[in-house]
Every structure is written in structure tokens, then in C-alpha cells.
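Trainee: Predicted model follows, preceded by the sequence.
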Amino acid sequence: MFRSFSLLFLLVAVTLQQASAHDAWFIPKDAGLTVAYGHGEKLDPYDPAKVKDAKGYDRKGQPVAVQMVAAKESASISSKEKPAIVTALFDGGYGVKTADGWQKLTKREAQGKYSIVEALKSQKYSKAILTPCDTCTKPVGLAFEIVPEKDPFSVKPGDALPLSVILNGKAIEGAVVKTSEAAHSGAKDQLKSDKDGKANVVVGKPGFQLIVASYKTPLKDDPDADVLSLSTSLTFETK
């Protein structure tokens with residue numbers, strides 16, 4: 001079973017959302033992990049079918065069985081085992097930024113009806129590290145992933161956690177990296193991954209930590225969007 005966690009995590013997560021677009025992340029709750037989706041102070045309901053490819057791994061990186069549990073407007077992940085890491089994909093689908101604001105439409109659906117500023121396809125990845133493990137500092141295979149370069153449970157509040165941002169198995173430069181602590185401080189300068197995909201983030205107050213990286217890349221051969229908008233979250237707990 002998963003460990004039991006405090007509602008403090010939700011408050012930390014909401015703080016981060018005030019400074020970012022819609023993201024998806026894990027909220028440890030009861031005996032499982034709820035997949036949260038939102039922006040600002042509001043968590044948005046969603047079709048649970050958007051949550052896909054839920055996976056779990058033990059301390060050695062071996063797969064363990066996890067189950068997705070669908071509710072009316074959300075989804076959670078549960079397991080009869082004790083995964084050290086859990087991951088999932090939230091398929092955000094298509095959206096179009098227009099002169100009149102955002103519309104939940106494809107580019108083809110919006111053409112002729114709106115002045116299109118940007119047509120996006122959105123994918124959001126989530127990873128929760130639940131306990132110290134041999135694979136904490138290794139990729140688990142998400143298409144877009146934050147990988148700590150040291151055991152995040154060994155980092156004390158106020159210290160820097162070095163990490164890498166990986167896209168399709170390769171380090172990516174220019175991914176925007178945000179933490180709940182940076183959002184709370186009102187920091188205006190964006191932290192971005194360097195040419196080697198690396199960034200150093202300062203771990204916040206004791207408790208639940210949320211780090212989100214985002215990146216946009218051009219799409220080819222998709223008539224419904226010009227840009228793939230990616231985000232990936234990493235969650236863990238510090239003492």
C-alpha cells in the first residue's frame with residue numbers, strides 16, 4: 001500500500017500552479033495517489049480516461065502492478081504492493097489559443113471560426129518518488145522526465161537538488177523548471193535547463209515537494225496542432 005500523506009502537499013501544489021499553466025501531478029491520498037490537474041487556486045475536474053500508462057516500480061526498478069481507479073471526474077492510482085516510483089501520462093488533447101482566448105478545439109475545428117494564435121497538442125507526465133531507492137537517480141522511461149541526480153530524500157530544505165530534464169531519452173536545453181518554493185517567493189527569473197539538460201532547484205520547507213518542467217516543440221504532420229506542449233512533474237517528501 002502507499003504511505004499516508006498530509007493535505008499540506010495539496011497546498012504546496014496549488015502554490016506552484018499560481019505561476020504556471022495547467023499541469024498534472026500526483027497528490028498522495030489515503031492508500032493511493034490521486035492525479036491532480038489544474039491551474040491557479042482551482043483544481044479542475046477531468047475525464048479519467050485522460051490518465052494513461054500508469055506504471056509502478058520497486059526499489060530495484062523492477063515493474064510492480066498498479067491499478068487506475070476511475071472516479072466521475074478524476075482518477076487515482078492504487079497498488080497492493082509497495083512501489084517506490086509511480087508514473088502516469090495525462091493526455092491533455094488539443095487546444096487553440098485565439099484572439100478571444102483559449103478554446104478546447106483542434107486547429108481544423110477552429111479554422112474559419114477564430115483568429116488562431118497558437119494550436120497546441122498537450123501531454124503531461126507525472127512521477128512520484130515515494131521512498132529512497134536504487135533507481136531514484138535514473139530515468140524510468142517517460143517521454144518527458146525530470147531525473148534527480150542525487151537521492152532527493154537526502155537533500156535538506158534550503159539545499160540545491162541537481163536534476164536533469166530528458167526528452168525522448170536525451171537531455172533537453174531550455175525547459176522551464178519551477179518549484180513551489182520559487183513560485184511562493186514571487187521569483188520572476190525563469191530557471192531553465194542548460195545545454196546539458198541540467199538545473200539546480202532549491203528544496204523548500206520540510207514536507208511535500210513539487211517540481212514541474214515545461215517545454216514546447218514544433219509538431220510535424222499533425223493537421224490539428226502546430227506545437228506539442230509538454231510538462232512533467234516530480235514529487236517527493238523531505239523532512
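Mentor: Yep, that arrived.

Trainee: what helix or strand is residue 228 on?
Mentor: According to DSSP states H and E, residue 228 maps onto strand 227-238.

Trainee: for residue 135, same thing?
Mentor: Going by DSSP H and E, residue 135 is not part of any helix or strand.

Trainee: The spatially most central residue of the chain pairs with what?
Mentor: Centroid-nearest residue in the chain, with CA atoms, centre = their mean: residue 233, separated by 2.4 Å. With DSSP bridges applied, the residues forming beta bridges to residue 233 are residue 126, residue 212.

Trainee: Could you list which residues are in contact with it?
Mentor: Contact partners of residue 233, counting by CB atoms under 8 Å, 6 or more residues apart in numbering, are 23-26, 124-127, 146, 210-212. For every residue, glycine as well, the C-beta is placed using N, CA and C.

Trainee: Where do the helices of this structure begin and end?
Mentor: All helices of the chain, identified by DSSP state H, fall at 8-17, 107-110, 180-185.

Trainee: Now tell me which of those the model trusts least on average.
Mentor: Comparing mean pLDDT across the helices of the chain, the weakest is helix 8-17, with a mean of 38.

Trainee: neighbours around the closest residue to residue 239 other than its chain neighbours, how many?
Mentor: Once flanking residues are discounted, residue 239 sits nearest to residue 206: 5.5 Å by CB to CB, 6 or more residues apart in numbering. Neighbours of residue 206 under the rule other CB atoms under 10 Å: 13.

Trainee: follow-up on the earlier one: compute the distance between the residue nearest to the centre of the chain and residue 178, please.
Mentor: Applying CB to CB, to the nearest Å, the value for residue 233 to residue 178 is 10 Å.

Trainee: what is in contact with these two at once?
Mentor: Common neighbours of residue 233 and residue 178, counting by CB under 8 Å, 6+ apart, are 211-212.
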